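Asker: got a predicted structure here, sequence first:
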Amino acid sequence: CCFKHRCGIIMSESKEPDDEGGEMSEASYALLDRVKEFCMSKDFENQFDDFAAEHADIFLPAVDMEPGAEHQLEYMECFHKYLDHFEGKIKRFIETSGEGGETIEDFYDQCRDVLDDMDETNPFNPKRFFIEALLATTEYSIFFSLMMGEVRKKHPKYKPEVPAEKGEVKEDEEGKAES
């Protein structure tokens, strides 16, 4: 299933202590740190940009959609394709990096452990921030917004119009001042 379901929703499962019976040590998060580095790499970002550019035209009809209007089935199908694609990349990375033997379930366990650990002395935990950002990308509404941004980037005529400031002269599409 999806990352959000396995990691974000299942936080109620109890944390497993490490072999000494205590909390997991920083060294126990080596897999999480590697996945974080992988997901923040320029290569991974470029792959998302490529996916968005390739699928942006599917979302063209949504540009003129009224807020609250029903979304086309194709948008959800593209979202599921996106989830499968990028979760698959993370899974393959885990299986082929490191010392071997690590699984996507190990990653989910580490994510749950970090999300369950509410350290009041350190409210900004970089690992937690990364996991929450990764979880946000599994939300349809966030994905839809990203795709709408890609539509506007790919088709400049759909960029939102920004009103001119007081005293500024607004130009038309040909660069002539409008009255």
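Answerer: Cool, got the structure.
Asker: flag the shaky bits of the chain, pLDDT-wise.
Answerer: Along the chain, the model assigns pLDDT under 70 to residues 1-27, 118-123, 160-179.
Asker: closest to the centroid, which residue in the protein?
Answerer: T137 (2.4 Å; CA atoms, centre = their mean).
Asker: quick one, what contacts that one?
Answerer: By CB atoms under 8 Å, 6 or more residues apart in numbering, the contact list for T137 reads F86, F143. C-beta coordinates here come from the backbone N, C-alpha and C atoms, glycine included.
Asker: gap between it and K36?
Answerer: In this view, T137 and K36 are 13 Å apart by CB to CB, to the nearest Å.
Asker: do the same with D49
Answerer: Distance from D49 to K36, by CB to CB: 19 Å.
Asker: compare these two (neighbour count), which wins?
Answerer: K36 (18 against 12; other CB atoms under 10 Å).
Asker: can you name the next helix or strand after the lengthiest helix in the chain?
Answerer: When the chain is scanned for its longest helix (criterion: DSSP state H), the result is helix 73-96. Next in sequence after helix 73-96, counting helices and strands by DSSP states H and E, comes helix 104-116.
Asker: got the angle between the helix or strand just after that next one and helix 73-96?
Answerer: Note on helix 104-116: by DSSP H and E, the next helix or strand toward the C-terminus is helix 126-136. Counting by axes from the mean of the first three to the mean of the last three CA atoms, to 10 degrees, helix 126-136 lies at 140 degrees to helix 73-96.
Asker: give me the helices and strands touching helix 126-136, please.
Answerer: Judged by 3 or more CB pairs under 8 Å, 6 or more residues apart in numbering; DSSP states H and E, helix 126-136 is in contact with helix 30-39, helix 104-116.
Asker: okay, those in a markdown table with distance to H85 next?
Answerer: A markdown table is the format used below for the helices and strands packed on helix 126-136 (distance: least, CB to CB, whole Å):
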| stretch | distance to H85 |
| --- | --- |
| helix 30-39 | 13 |
| helix 104-116 | 15 |
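Asker: in stretch 44-59, what counts as buried?
Answerer: F44, F48, F51, A52, H55, A56, I58, F59 (16 or more other CB atoms under 10 Å).
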